[in-house]
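> sequence below, structure please.
(one chain, ligands or ions: 2)
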Amino acid sequence: MKNLDTKSDINSDIDDFMGFCRGLGIKPTHQRTEIYRELMATEDHPNAETIYENVKKRISAISLDTVYRTLRLFEQKGIISRVSAAGESMRFDGNTKQHHHFICVECGKVRDFYSDDFNNLVAPEDVSNLGKVGSVHVEIRGVCNTCQDKNHEKTKKSG
Ligand SMILES: [Zn+2]
Ligand SMILES: [Zn+2]
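Numbers count the residues shown, from 1 in each chain. Ligands and ions are numbered 1, 2, ... in the order given. A predicted model of the protein is given here:
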C-alpha cells in the first residue's frame, strides 16, 4: 500500500509530468500541463469533455480537439491510461501507480483501489496465445455506495 492521498500533492505530480515530458521528448506546453493537472486533480477518471470544460475555465482559447489530441498523445506515451467503462465515452486515468478499478454499473463511476494480491496475479497460460502480457488489471463491477444509498431512498419513498 502506497500513499493513497497523493492527489493533494499536485505540484509533485507536475514535477513528475515535466520529467516525463523531458524523457519522452514532448514539449510541456502550458495547455498540456493544464490538461495533465486537471486529470491529476480528480479521482473521477473524467472523459475528454469534462477535462475540456474545466481547463476552459483557465484557458479560454483551448479547443476540445486539442484536449483530445493531447490525451491521445499522453496515452501513447504511457503517461496516462484509458479506462473502459461500458457504454460510456472514453475516460482517462492519470494514476500511474499499478492499481485496479471498481466500476459502478449504475452511475459509471470508476474508483481506484490497490491490492498487492491482484498486482501479483499471473495471467492464465491461454492468454499467451492472444499476445504478450504487459500488466494485469482487475476490474470489479458493482453498485457504489452512493447509488446504493439512492436506491435505498427510492425504496423507502415508494414503499
Ligand atoms: Zn454508482
Ligand atoms: Zn484508475
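
> phi, psi of Cys104?
phi -80, psi 130 (degrees, to the nearest 10).

> show the model's pLDDT score for the spatially most central residue of the chain.
By CA atoms, centre = their mean, the chain has its centre lying nearest to Asp93, at 1.6 Å. We have a pLDDT of 93 for Asp93.

> again with Leu39
Looking at Leu39, the pLDDT reads 93.

> could you do Lys7 as well?
We note a pLDDT of 49 for Lys7 in this prediction.

> try Glu88
61.

> and what of Glu34?
96.

> surely it is in contact with Ser60?
No - if you go by CB atoms under 8 Å, Glu34 and Ser60 don't touch, sitting 11.7 Å apart. C-beta coordinates here come from the backbone N, C-alpha and C atoms, glycine included.

> who has more neighbours, those two?
Glu34 (21 against 7; other CB atoms under 10 Å).

> ignoring the adjacent residues along the chain, who's closest to the more buried one?
Val55 (5.1 Å; CB to CB, 6 or more residues apart in numbering).

> wait, a strand at the one you found?
No - assessed with DSSP: H, G, I helix; E, B strand; the rest coil, Val55 is helix; it does not lie in a strand.

> contacting residues for it?
Contact analysis of Val55 by CB atoms under 8 Å, 6 or more residues apart in numbering lists 31, 34-35, 38, 62, 67.

> now render the residues you listed as a markdown table, adding secondary structure and distance to Cys144.
Converted to a markdown table, these look like this (DSSP: H, G, I helix; E, B strand; the rest coil; distance: CB to CB, whole Å):
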| residue | secondary structure | distance to Cys144 |
| --- | --- | --- |
| Gln31 | helix | 33 |
| Glu34 | helix | 29 |
| Ile35 | helix | 27 |
| Glu38 | helix | 23 |
| Ile62 | coil | 31 |
| Val67 | helix | 27 |
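
> relative to ligand 1, which of these is nearest.
Glu38 (22.2 Å; CB to the ion).

> burial check on that closest one, number of neighbours?
Considering only other CB under 10 Å, Glu38 is surrounded by 21 other residues.

> so it sits against Lys56, correct?
No - using CB under 8 Å, Glu38 makes no contact with Lys56, being 10.1 Å away.

> could you pull out the helices in this protein for me?
Counting by DSSP state H, the chain has helices at residues 10-24, 30-40, 48-56, 64-76, 116-119, 127-130, 145-158.
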